[in-house]
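Colleague: here is the input, now give the coordinates:
(one chain, ligands or ions: 1)
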Amino acid sequence: MGAGDRTRLVAAAVDVLDGWDAGHQGLFTFAQSPQHHGFYQRFGFWPRFLTAIMSRPLTGSEPELGWRLSAVDPADRPALVAGCAAVTDAIHPGLDVRGEIAAVLDHGLGDVVLIGEPDAPRGFAVCHAGPGTEAGSGVAYAKFAAVRPGAGAAQAFDSLLAACQGYAADAGAVRLTLGVNTARHEAYRQLLAAGFRTDIPGITMHRPNEPGYDREDVRLLDDWR
Ligand SMILES: CC(C)(COP(=O)(O)OP(=O)(O)OC[C@H]1O[C@@H](n2cnc3c(N)ncnc32)[C@H](O)[C@@H]1OP(=O)(O)O)[C@@H](O)C(=O)NCCC(=O)NCCS
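Modeller: Alright, predicted model coming up:
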């Protein structure tokens with residue numbers, strides 16, 4: 001692909017995002033590459049905090065916590081999915097991963113792990129597991145996870161991490177991987193304390209150059225890859 005093709009491709013992607021009226025746009029790229037930063041700056045994306053792709057090994061004896069959307073009666077799922085949308089909307093109005101949830105369930109890529117009240121999830125994680133998914137062989141990947149903000153969020157985040165590890169071990173994975181923007185400082189520190197270590201430090205670039213939901217107290221996992 002030539003330089004002109006690359007430029008046209010990114011310009012077309014930006015047109016699509018603008019067409020969707022996406023108020024906050026972003027991408028993940030190499031933290032150590034000024035050439036990549038400069039290339040995306042041409043389109044109005046600016047580097048902010050590092051995003052750490054982290055992982056930790058599993059022992060196979062992780063407890064089962066929370067519950068899974070695939071095990072819920074299909075008639076009861078829409079209310080739970082709406083509960084997940086309420087969690088993300090409380091973090092950043094308009095943030096909505098219902099498409100990711102549907103993709104994982106419809107294509108059998110993994111599951112959605114839930115914690116909290118049966119009719120009002122406190123937190124959830126959209127997980128891939130195994131070959132043929134974004135996780136890969138022997139791995140589970142929390143592609144997105146979030147906990148409703150407010151009192152008790154730190155404890156709920158620890159519970160959600162534990163529930164993801166239980167799901168991952170049950171799915172036969174030997175490793176759980178996930179991503180966090182380090183501007184979500186409290187989440188990043190909780191991950192380190194829970195034994196996660198960084199495998200890949202990347203950078204997220206934002207258009208416009210605003211924090212979005214990368215705030216200190218936001219307990220949310222994603223990596224924008
Ligand atoms: C990333 C990629 C598209 C950049 O290609 P490019 O636009 O031809 O790269 P350039 O050399 O023109 O550099 C891009 C910009 O970074 C700037 N730049 C390069 N090195 C820099 C440095 N050390 N400090 C500051 N700016 C720098 C350049 O001046 C240029 O800015 P400009 O718009 O003002 O001219 C190209 O390297 C590529 O295709 N790589 C392989 C595929 C890939 O990595 N895709 C992206 C995955 S996230």
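Colleague: now the residue in the chain positioned nearest to the ligand: which helix or strand?
Modeller: Of all residues in the chain, residue 38 sits closest to the ligand, at 1.8 Å by Cβ to the nearest ligand atom. C-beta here means a position set from N, CA and C on the backbone, and glycine is covered the same way. Assessed by DSSP states H and E, residue 38 sits inside helix 34-41.
Colleague: related to what we said a few turns ago, and the residue of the chain closest to the ligand, what does it touch?
Modeller: Residue 38 makes contact with no residue, according to Cβ atoms under 8 Å, 6 or more residues apart in numbering.
Colleague: how near is it to residue 45?
Modeller: 11 Å (Cβ to Cβ, to the nearest Å).
Colleague: what does the chain have sitting close to the ligand?
Modeller: Residues of the chain lying close to the ligand by Cβ under 6 Å from any ligand atom are 3, 6, 29, 34-36, 38-39, 42.
Colleague: nearest to residue 74 among those residues?
Modeller: residue 29 (39.1 Å; Cβ to Cβ).
Colleague: what strand or helix carries the nearest residue to residue 171 once chain neighbours are set aside?
Modeller: For residue 171, ignoring the flanking residues on the chain, the nearest one in space by Cβ to Cβ, 6 or more residues apart in numbering is residue 129 at 3.9 Å. Assigned by DSSP H and E, residue 129 falls within strand 120-130.
Colleague: and the strands in this structure?
Modeller: With DSSP state E as the criterion, the chain has strands at 25-30, 46-57, 67-68, 110-117, 120-130, 136-147, 175-181, 197-207, 220-221.
Colleague: for residue 90, which of these is the nearest?
Modeller: Nearest to residue 90, of the strands of the chain and by Cβ to Cβ, is strand 136-147 at 9.0 Å.
Colleague: list the contacts of the closest one.
Modeller: Applying Cβ under 8 Å, 6+ apart, the set of residues contacting strand 136-147 is 55, 87-88, 91, 97, 100, 104, 110, 122-131, 133-135, 153, 156-157, 160, 164, 167-168, 171-178, 219-222.
Colleague: next, the buried residues of it.
Modeller: 136, 139-147 (16 or more other Cβ atoms under 10 Å).
Colleague: starting from that strand, tell me which strands it pairs with and how they run.
Modeller: Sheet pairing of strand 136-147 (DSSP bridges) gives strand 120-130 (antiparallel), strand 175-181 (parallel), strand 220-221 (antiparallel).
Colleague: pLDDT below threshold where in this structure?
Modeller: Along the chain, no part satisfies pLDDT under 70.
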